[in-house]
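Q: Sequence first, then the predicted structure:
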Amino acid sequence: MQSWRRSAWSLSLSLVIVSGCKGDVDQPAADPLDDPWVNAIDTGDEEPVVAASEPVGAGTQSPPPTVAQAGSRPAAQVVATPSKDDAESIATARSKPATVPEPPTDDAPAVDEQPEQPAPTPVAEPTSVPTAEPAKPASPPPITSADFHGSYRYAGGNAQREDLEAAIEATVTQLAKAIQGIARKRLTQANPVDSSVEIVVAGDEITTTFESGFHVTCVIDGATVKTTGIDGEKLAVRVRSKGSKLVQHMQGKDGARTIVYVLSADRNKLTVHHKITADRLPEPLTYQLTYSRK
């Protein structure tokens, strides 16, 4: 493994250029859960928006097809031919004069010739058809620390590599010009784009291993673990849970690094947020890298 990768997680190596004039001072361990930067990281836990389907029974029924629409032929018209006796009856009836009705006498009661008005037909009020509510998709269960278990490969592409370079450059330009060159080199070496990340969760213990060589085991929400970096530097590491986030904090002699692990709702995308702070850095260096589950 190349020497620059062996020093990738050395906080003192990346920051000694800006703290060499300062005496060794023990820094108190900060609580990463109190960092507003941690709270501002979005976990992307919004519920998925599902297009509503057409309500059942909301449509109107089409009228039944007519005889012509159904393809049936209309019934044939039948013309009846009168018989001989019927013809004579018709002729006799035509020869008789029409009977004229006699006018009513005065004694007869007057008859109201106005036809009786039929009673109005009641109109049925339209009835509303109940609309069935579309079924809502089941929300995924909340993310737990056990969901982080797995191996991941880098999936951020050139875009996140360029974002990291831009973040380092923004930090370097705030330093004195005399040390900008070496500062750029050291910060780039200390913050590589790891091609893989492995997380092992066993009960309340979590082990994180980066391709650049950083490896540590901690108890989630447990005590601080004293460990030695690859270059021999002493580090105090602890892991905390905050909602669906896992927060890993490393405190060194000259600075600190906070890593926030965020898992997508489908458990397939891991976003690793980094923040490096030091007394001699005018602003913290922050960036994020995305990994997909293998």
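A: Sure thing, it's come through. Residues are numbered from 1 along each chain as shown.
Q: Low-confidence bits of this protein, can you list those?
A: Where the chain drops to pLDDT under 70, the residues are 1-30, 44-120, 122-130, 229-232.
Q: which of the residues in the longest helix along it are buried?
A: Counting residues, the longest helix found in the chain (DSSP state H) is helix 157-172. Buried residues in helix 157-172, counted by 16 or more other CB atoms under 10 Å: 160, 164, 167-168, 171-172. The C-beta positions use only the backbone N, C-alpha and C, and glycine is treated the same way.
Q: Let's have the residues you listed in JSON lines, adding distance to residue 276.
A: As requested, the buried residues of helix 157-172 are arranged in JSON lines below (distance: CB to CB, whole Å):
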{"residue": "160", "distance to residue 276": "16"}
{"residue": "164", "distance to residue 276": "12"}
{"residue": "167", "distance to residue 276": "10"}
{"residue": "168", "distance to residue 276": "10"}
{"residue": "171", "distance to residue 276": "9"}
{"residue": "172", "distance to residue 276": "13"}
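Q: ok, so of those residues, who is nearest residue 241?
A: Set against residue 241, the nearest of those by CB to CB is residue 160 (25.3 Å).
Q: correct me, but that closest one touches residue 274?
A: No. Using CB atoms under 8 Å, residue 160 is not in contact with residue 274, being 11.3 Å away.
Q: just to revisit the earlier point, just flag the most distant two among the buried residues of helix 157-172.
A: 160 and 172, at 18.7 Å, using CB to CB across the buried residues of helix 157-172.
Q: still on that earlier bit, next SSE downstream of the longest helix of the chain?
A: For helix 157-172, the following helix or strand on the C-terminal side (DSSP states H and E) is helix 177-190.
Q: other SSEs contacting that following helix?
A: Helices and strands touching helix 177-190, by 3 or more CB pairs under 8 Å, 6 or more residues apart in numbering; DSSP states H and E, are helix 11-19, helix 157-172.
Q: tilt between the longest one and helix 177-190?
A: Taking axes from the mean of the first three to the mean of the last three CA atoms, to 10 degrees, helix 157-172 and helix 177-190 form an angle of 150 degrees between their directions.
Q: Now stretch 178-195 - C-alpha only, PDB.
A: Extracted as PDB, the C-alpha positions of stretch 178-195 are listed here (Å, rounded to 0.1, in the frame of the first residue of the first chain):
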ATOM      1  CA  ALA A 178       3.800  30.600   1.800                       C
ATOM      2  CA  ILE A 179       2.200  27.300   3.000                       C
ATOM      3  CA  GLN A 180      -0.600  26.900   0.600                       C
ATOM      4  CA  GLY A 181       1.300  24.400  -1.600                       C
ATOM      5  CA  ILE A 182       2.300  22.000   1.200                       C
ATOM      6  CA  ALA A 183      -1.100  22.400   2.800                       C
ATOM      7  CA  ARG A 184      -2.900  21.400  -0.400                       C
ATOM      8  CA  LYS A 185      -0.700  18.300  -0.800                       C
ATOM      9  CA  ARG A 186      -1.200  17.200   2.800                       C
ATOM     10  CA  LEU A 187      -4.900  17.700   2.900                       C
ATOM     11  CA  THR A 188      -5.300  15.800  -0.300                       C
ATOM     12  CA  GLN A 189      -3.300  12.900   1.000                       C
ATOM     13  CA  ALA A 190      -5.300  12.900   4.300                       C
ATOM     14  CA  ASN A 191      -8.700  12.800   2.500                       C
ATOM     15  CA  PRO A 192      -8.600  10.300  -0.300                       C
ATOM     16  CA  VAL A 193     -11.700   9.000  -2.100                       C
ATOM     17  CA  ASP A 194     -11.800   5.400  -0.700                       C
ATOM     18  CA  SER A 195     -13.000   2.900  -3.300                       C
END
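Q: what comes up buried for that stretch?
A: Buried, per 16+ other CB under 10 Å, within stretch 178-195: 180, 183-184, 186-192, 194.
Q: ok, back up a step: shared neighbours of residue 160 and residue 274, which are they?
A: 287-289 (CB atoms under 8 Å, 6 or more residues apart in numbering).
Q: so how far is residue 213 from the spatially closest residue to residue 150 that is not a sequence neighbour?
A: In this structure, residue 150 finds its nearest non-sequential neighbour in residue 293, 5.3 Å apart by CB to CB, 6 or more residues apart in numbering. Residue 293 sits 22 Å away from residue 213, going by CB to CB, to the nearest Å.
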